[in-house]
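just a sequence and a predicted model for now, questions to come.
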Amino acid sequence: MPKVMPCSRFTDFDINLFLAGKHFRLYEKFGSHIMEHEGVRGTYFAVWAPSAKKVSVVGDFNDWKENVHELNVRWDKSGVWEGFIPNVGKGNIYKYKITSHHNNIKTEKADPYARRSEHPPHTASIVWEDHYQWKDENWMSKRKKNNALDAPHSVYEVHLGSWKRHETEDRFMSYVELADDLVTYVKKMKFTHVELMPIMEFPYDPSWGYQITGYFAPTSRFGYPEEFKFLVDTLHKNDIGVLLDWVPSHFPEDAHGLGYFDGSCLYEHPDRRKGYHHDWKSLIFNYGRNEVKSFLISNALFWFDQYHADGLRVDAVASMLFLDYSRKDGEWEPNIHGGRENLDAVAFIKEMNEAVYSNYPDVQNIAEESTAFPMVSRPTFSGGLGFGMKWMMGWMHDTLEYFSKPPIYRQYHQNDLTFSMTYAFSENFMLPLSHDEVVYGKRSILGRMPGDEWQRFANLRLLYSYMFTHPGGKLLFMGCEFGQSNEWNFRQSLDWHLLDSQYHQGIQNLIIDLNNLYRTEPAMYEQQFSGEGFEWIAYDDHKNSVLVYMRKGKDPKDVVIVACNMTPIPMITYGIGVPHKGKLEEIFNSDAMAYNGTGDFKNKVFTAKKAVLHNRGYSAEITIPPLGMVAFKYVEMIQSSKKHLNKSVEKKDVKVIKSSNKKVGKLISEPNSSSKEKDKKNTDETKNKIQVADKSPKVISSEKRIKK
C-alpha cells in the first residue's frame, strides 16, 4: 500500500499568519484536498495537533489501521501535521487517529476542516470536492443594494428538517426538493430573506443544529454540499437572500468533535470557568488563542466565499461577552480590569466582523444578543462590536407580554409597547419572533393570544401589523406566518393542514400583504434604523388602548400614518393630528375580509381639516377596527405606488382567500365545506357581538376636543 509522501500546501507566510491569528482562509490549507503530486493523483491531508506525538489518517482505504498512513509534523513548531496519500480520492471516508504526548492518550477525530461528513449517526469525514457552477450573477451584482441597511429585511426563519417532510416516505426533504417547494413558498409570501437554522454538520437532532461538529460541512441529512449550493443559488435567482445561523459560542463534547482534540484543550479554554457551559453541557472556544481565532474567522469567511451567504446570524453572543453568563458567584473570575466582560471574546468578535465586512462589504452580520451591551451594531472604529444588526429581544418580550393580556387590562400596560421607542435607535434592531418563542411550553404565538377564536386571530393580525410597521427589520419563524396552533416540533412537519381553515388562510394573506407593504413603501424601510423615520402622533391614549404614529422615508413626501386599536371595541370618528392638509386614503386594514376580518370598519378617502390636534395644525377623523390596525397615505403620494400594492386588500369578499390557494398550491388544499361553514358561522357571531355591544361607538382621541 502506498505510504504518505512529503507534501505541503503551507508557505512560511501561511504559518506565520496562522500563529498570529491572522490567516482567514485556512480552509484552503487544512483538511483534505484532492490534487496531483509528483505525477500521482491522491489527497493531501493537514491537521493542527500541537500536543500530538503521532497522527495517522485512518479510513476505508487502509482498513482503519492506525500505523499505515502516518502524517509528518512540520519542523517549525506550528503543530501542523501533513502529507499526501496516493490513490485516495473523492468519496473516501477517514478520521485522524492521534496519539498525545499527554499520557499517551489516543483520540480518533473527524477532520475539523472536512467539506463533507457522514450521515449521522455515523461520524467520519469524507474526502470531497465539487465544481459547482454558480448562476446567481444577477443577485450578486445587486445584493449590496438588497442587503443595505436602508433596504427591507423581512426574514423567514427555517428549520430545514421540519419545515416540510416528504409525506409518503416520512423523511427529510432534500436540498434539491427544498429548492422547489421552499423557494416557491418564500417567494409567494414575499419575504426578502430566509434564515436557515444551523446547516453545519451536527450529531444530535434535538440540538436543532446548535451543537456543531463539522464547521465546514453542510449537513449530509439533506444531500451533498453542491446540492446545498443549488438551494442557495435557487433562492438567489428568485431574489431571496440567505442568512445562516453561525455558532462560534460553544461546541459539543462528542468524542469525534473538537473537544480535547489532541489530548489537550486545543480549541476549548483550559479553565472550565471560561471553557464550559453548564446550561448547554458544551465547551467554549478559547478566544484568546490565535490559532483558534484563525479557525473561527476562516469559517465565517468560508460560508461567504464558498456558499454565497448574504449574512450570518451569530448565535448566543451574550454568552460570549460575559464571564459570568449563567454563572453563580464564585464560578467565574473577573477580567484584568475587574469587570465581567470577556475581553478576548470582545476582541475576537470585533476582528471577525472587520474581516467579514472588509472582504464582503455587501453582506450583513446579525447578533443574537439579549443584554444592554453597548454599540453591538456600531462600527468597530467608533468603539462598537461591528455587527450590522442586532435582535431586539426587549421588544419581543414586552410585546408578547402585552398581547397575552386580555384587552380590558391593556390600558394599564400601554408603556409596555411605547417603551421600545425610547431605545429603538440605539442599535440597528431586527424584531424577532423566532423559534425560541414557540418551544419549551411557551406555546405558539397564536396560543398566547387571549379571547375567543375570532379575537385570538384578530389579536394575532394586530400583533403582526404592529410588528411590520414598527421601525426595524422583521423576522418570523416558520409556521407563524399562517398561525400555527401548536408549539414547534422539530420531529415533524408544520401543520400545513391548518390552511384548510379561513382563519389560518387569513393570517397567511395578511403576512403576504404586510410584506408587500413593507417592501413597497419607502417610509417603512428607508429610515428604519433612524429616529428620522418615526414620529409619534398619539402614544398616551391608554384609556382606549390606541397608538397612532408616522413612518417616514427619506423623501418628505413618503409618509405612512398608522393607527392601532388594542381593544375589541371599534373606534369610530377617532380624531388624529396629521402632518399637513390634503386627502388621505386607507392603504392597509388588518380587519379586511381578505384576512378573515369583519370587513365592516373601512375608511373612505377623507380630507384633513385645519384644526389643531396632537400639536399639529391639521386633523382628521378615522375609523379603527376592533383589535385592528389601519394605515393611511396622502392621495397624491399613492398614485405612483398604488399599482404595486397587493390587490387582495381591495377585494370585498372572502373569495380572496380562495385565490391565495393558487399562490401556494404545492402546500395547501382547498378548504372543505364544513370548515368554511364553521368559520363563516364564527365570524358572523363575532360581528353580531360587536354590533350588540356597541351599536354606535364614537370616540374622539385622547385630547377631548379638536381646537378650531
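Perfect, I can see it now.

neighbours of the nearest residue to residue 565 once chain neighbours are set aside, just the number please.
With sequence-adjacent residues excluded and distances taken as Cβ to Cβ, 6 or more residues apart in numbering, residue 565 is closest to residue 624, at 4.0 Å. For the C-beta atoms, the positions are set from N, CA and C on the backbone; glycine is no exception. Residues lying near residue 624 (other Cβ atoms under 10 Å) number 29.

next up, the contacts around residue 624.
Counting by Cβ atoms under 8 Å, 6 or more residues apart in numbering, residue 624 touches 546, 563-565, 570-571, 574, 601, 630.

what do you get if the cut-off is 10 Å, keeping everything else the same?
Residues in contact with residue 624 (Cβ atoms under 10 Å, 6 or more residues apart in numbering) are 544, 546-548, 563-567, 569-572, 574, 576, 589-591, 601, 603, 630, 699.

how close does it sit to residue 302?
50 Å (Cβ to Cβ, to the nearest Å).

stretch 195-213: end-to-end distance?
20 Å (Cα to Cα, to the nearest Å).

buried ones in it, by neighbour count?
195-203, 207-213 (16 or more other Cβ atoms under 10 Å).

same question for stretch 434-446.
434-439, 443-446.

make sure residue 57 is indeed in a helix.
No: according to DSSP: H, G, I helix; E, B strand; the rest coil, residue 57 belongs to no helix; its state is strand.

identify the residue nearest it in space, chain neighbours excluded?
residue 69 (4.5 Å).

same check on residue 411?
Leaving out its chain neighbours, residue 411 is closest to residue 542 (Cβ to Cβ, 6+ apart), at 4.9 Å.

phi first, then psi, for the one you found.
Here is the backbone geometry of residue 542 (degrees, to the nearest 10): phi -70, psi -30.

closest to residue 182 out of the buried residues of stretch 434-446?
residue 435 (16.1 Å; Cβ to Cβ).

quick one, what contacts the nearest residue to that closest one once chain neighbours are set aside?
Leaving aside its chain neighbours, residue 435 sits nearest to residue 477 (4.8 Å; criterion: Cβ to Cβ, 6+ apart). Shown in contact with residue 477 (Cβ under 10 Å, 6+ apart): 155-159, 195, 197, 432-439, 444-445, 484, 488.

okay, and for the protein, where does confidence drop off?
The chain contains residues with pLDDT under 70 at 1, 637-708.

kindly recompute the last result at 80.
Residues of the chain meeting the criterion pLDDT under 80: 1-2, 636-708.

can you tell me the centre-most residue of it?
residue 195 (4.3 Å; Cα atoms, centre = their mean).

so that one sits in a helix?
No: counting by three-state DSSP, residue 195 is not found in a helix; it is strand.

so residue 564 is in which element?
strand 559-565 (DSSP states H and E).

in whatever helix or strand comes next after that strand, what counts as buried?
Next helix or strand after strand 559-565 toward the C-terminus (DSSP H and E): strand 571-578. Residues of strand 571-578 classed as buried: 571-572, 574-578 (neighbour count, 16+ other Cβ under 10 Å).

for strand 571-578, packing partners?
strand 534-541, strand 546-552, strand 559-565, strand 606-608, strand 618-624, strand 628-634 (3 or more Cβ pairs under 10 Å, 6 or more residues apart in numbering; DSSP states H and E).

rerun at 8 Å
If you count contacts as 3 or more Cβ pairs under 8 Å, 6 or more residues apart in numbering; DSSP states H and E, strand 571-578 packs onto strand 534-541, strand 546-552, strand 559-565, strand 618-624.
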